[in-house]
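Trainee: Output the structure for:
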Amino acid sequence: MGITISHRVRTDNCEAARVNSRRFLMEQDATVARAGKRQTYITTNMNKDSRPLTQEQRKEFIQLLKDSKTRLLGNLQDAYWKRIEVAKEQSRMELLKRIGAADEANKLREAKKVIKESESALDKLGVFINSSNRITFTGVHEDEYDEEISEKASAILDSEKEKVRKEYETAILNVLSTESVDDAKTIVEPLV
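Mentor: Take a look at the predicted model:
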């Protein structure tokens with residue numbers, strides 16, 4: 001009889017262990033499902049959305065691209081004054097390289113002990129670095145260099161604007177030519 005009880009205890013223990021194991025796995029699955037609910041939802045939707053792209057969906061994707069392009073171009077315009085200064089500084093650095101003054105300008109910024117030598121070399125080239133470490137041009141070259149810097153800065157800003165415009169226009173064309181929602185999402189998601 002002890003063997004039978006022992007056997008039943010073992011059976012009961014095994015059954016209890018199985019029930020506990022199932023309960024533990026179900027709780028883990030529920031926890032994982034709660035934690036990964038969004039990911040599962042996105043994956044499920046992406047799998048379901050492999051149907052052909054409808055004209056209405058195409059219009060929505062294109063509107064998303066247009067709105068995003070307008071917002072980005074507006075942001076570029078809003079930050080114009082900050083960006084123009086950065087672009088002018090970049091233009092100044094390119095101009096310094098072109099006229100051979102970049103090395104001298106860097107020496108002046110990095111080592112105050114060579115200030116007099118650098119000022120002399122820069123003065124011959126029509127370049128001056130003020131107390132704020134900003135590059136300016138002096139003498140005959142001042143008007144010529146200022147005009148060149150402004151032109152190059154404008155070209156830099158126009159190039160940035162054109163790059164954004166082309167990227168969105170290309171995306172719009174790609175959405176118009178795609179046949180599946182997944183392909184359209186792949187095109188639109190990085191841009192919005």
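Trainee: Following the chain onward from the lowest-mean-pLDDT helix or strand in the chain, which element is next?
Mentor: Across the helices and strands of the chain, mean confidence by mean pLDDT, DSSP states H and E is lowest for helix 37-48: a mean of 48. Where DSSP states H and E defines the elements, the next helix or strand beyond helix 37-48 is helix 55-78.
Trainee: Check which residues of that next one are buried.
Mentor: By 16 or more other CB atoms under 10 Å, the buried positions in helix 55-78 come out as Gln57, Arg58, Phe61, Ile62, Leu64, Leu65, Ser68, Lys69, Leu72. Backbone N, C-alpha and C define where each C-beta goes, glycine included.
Trainee: Stretch 81-89 too?
Mentor: Arg83, Ala87, Lys88.
Trainee: If we ignore the residues flanking it in sequence, what's nearest Ile129?
Mentor: Leu108 (5.2 Å; CB to CB, 6 or more residues apart in numbering).
Trainee: What separation do you get for the one you found and Ala171?
Mentor: 46 Å (CB to CB, to the nearest Å).
Trainee: Same check on Lys185?
Mentor: As judged by CB to CB, Lys185 and Ala171 stand 12 Å apart.
Trainee: what does Phe61 give?
Mentor: Separation of Phe61 from Ala171 (CB to CB) stands at 9 Å.
Trainee: Find the residues that touch each one of the two.
Mentor: Common neighbours of Phe61 and Ala171 are listed as Ile187, Val188 (criterion: CB atoms under 8 Å, 6 or more residues apart in numbering).
Trainee: got the contact list for stretch 63-75?
Mentor: For stretch 63-75, the surrounding residues in contact (CB under 8 Å, 6+ apart) are Lys161, Val164, Arg165, Tyr168, Ala171, Ile172, Val175, Val188, Leu191, Val192.
Trainee: Run the angle between the helix or strand harbouring Glu160 and helix 55-78 for me.
Mentor: Assigned by DSSP H and E, Glu160 falls within helix 141-177. If you take axes from the mean of the first three to the mean of the last three CA atoms, to 10 degrees, helix 141-177 sits at 170 degrees to helix 55-78.
Trainee: What about Asp103, how many residues nearby?
Mentor: Other residues within reach of Asp103, judged by other CB atoms under 10 Å, total 12.
Trainee: quick one: contacts for it?
Mentor: Taking CB under 8 Å, 6+ apart, one finds nothing in contact with Asp103.
Trainee: If you count neighbours, what's buried in the host helix or strand of it?
Mentor: According to DSSP H and E, Asp103 maps onto helix 102-110. For helix 102-110, a neighbour-count test (16+ other CB under 10 Å) marks Ala102, Glu104, Ala105, Lys107, Leu108 as buried.
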